[in-house]
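Q: Sequence isn't available, so here's the structure alone:
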């Protein structure tokens, strides 16, 4: 009898752990359960005009669909990582978009390259989340049904 209870407890704990892991993995991209549209915006260009453009596109999508009806992630890699540096001139715009649910992903491969070039790791915008590779993140989101837009 004691063994059955022990097995039951183990299975219950394992089930709870697996459920929590599933919820955490899903919440990574499913912060907006009522979103009808899912968009990933790519920024891989250092041009300040392109950085402004990608932020404008995100803002326009939110205005059109409403912040609860669209799920947006901006993925920065290569020279586009400059958008997510802490000293970028768009900090207040990123703050505003983040408060409306836009996520910002920073490529770890690019961060490593910047670190080698600068001799120190660059400071990132606090709203950015590191991902292993920007291109892989985009591919994973596209596989989940996100529409890729490269302004």
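A: Everything's here; your move. Values in this document were obtained by computation on a predicted structure and should not be read as measured data.
Q: after the worst-scoring helix or strand of the chain on mean pLDDT, next one along is what?
A: Within the chain, no helix or strand scores below helix 2-27, which has a mean of 48 by mean pLDDT, DSSP states H and E. The C-terminal neighbour of helix 2-27 among helices and strands, as given by DSSP states H and E, is strand 37-43.
Q: Next up, the contacts around residue 148.
A: 39, 40, 42, 138, 141, 142 (C-beta atoms under 8 Å, 6 or more residues apart in numbering). All C-beta atoms are positioned from the backbone trio N, CA, C, and that covers glycine.
Q: quick one: it and residue 76, what's the gap?
A: Distance, residue 148 to residue 76, using C-beta to C-beta, to the nearest Å: 14 Å.
Q: can you count the residues close to the closest residue to residue 36 other than its chain neighbours?
A: Leaving aside its sequence neighbours, residue 36 sits nearest to residue 69 (C-beta to C-beta, 6 or more residues apart in numbering; 5.0 Å). Other residues near residue 69 number 14, with proximity taken as other C-beta atoms under 10 Å.
Q: just the one 10 residues further on next, same as before
A: Neighbour count of residue 79, defined by other C-beta under 10 Å: 15.
Q: What residue, apart from its backbone neighbours, is nearest it spatially?
A: The shortest distance from residue 79 to any non-neighbouring residue, by C-beta to C-beta, 6+ apart, is to residue 46 (3.6 Å).
Q: Residue 76 is in contact with that neighbour, correct?
A: No. Using C-beta atoms under 8 Å, residue 46 is not in contact with residue 76; the gap is 10.4 Å.
Q: joint contacts of those two?
A: Contact criterion C-beta under 8 Å, 6+ apart; residues shared by residue 46 and residue 76: residue 82.
Q: Of those two, which one has the most company?
A: A direct count of neighbours by other C-beta under 10 Å for residue 46 and residue 76 places residue 76 higher, at 29 against 13.
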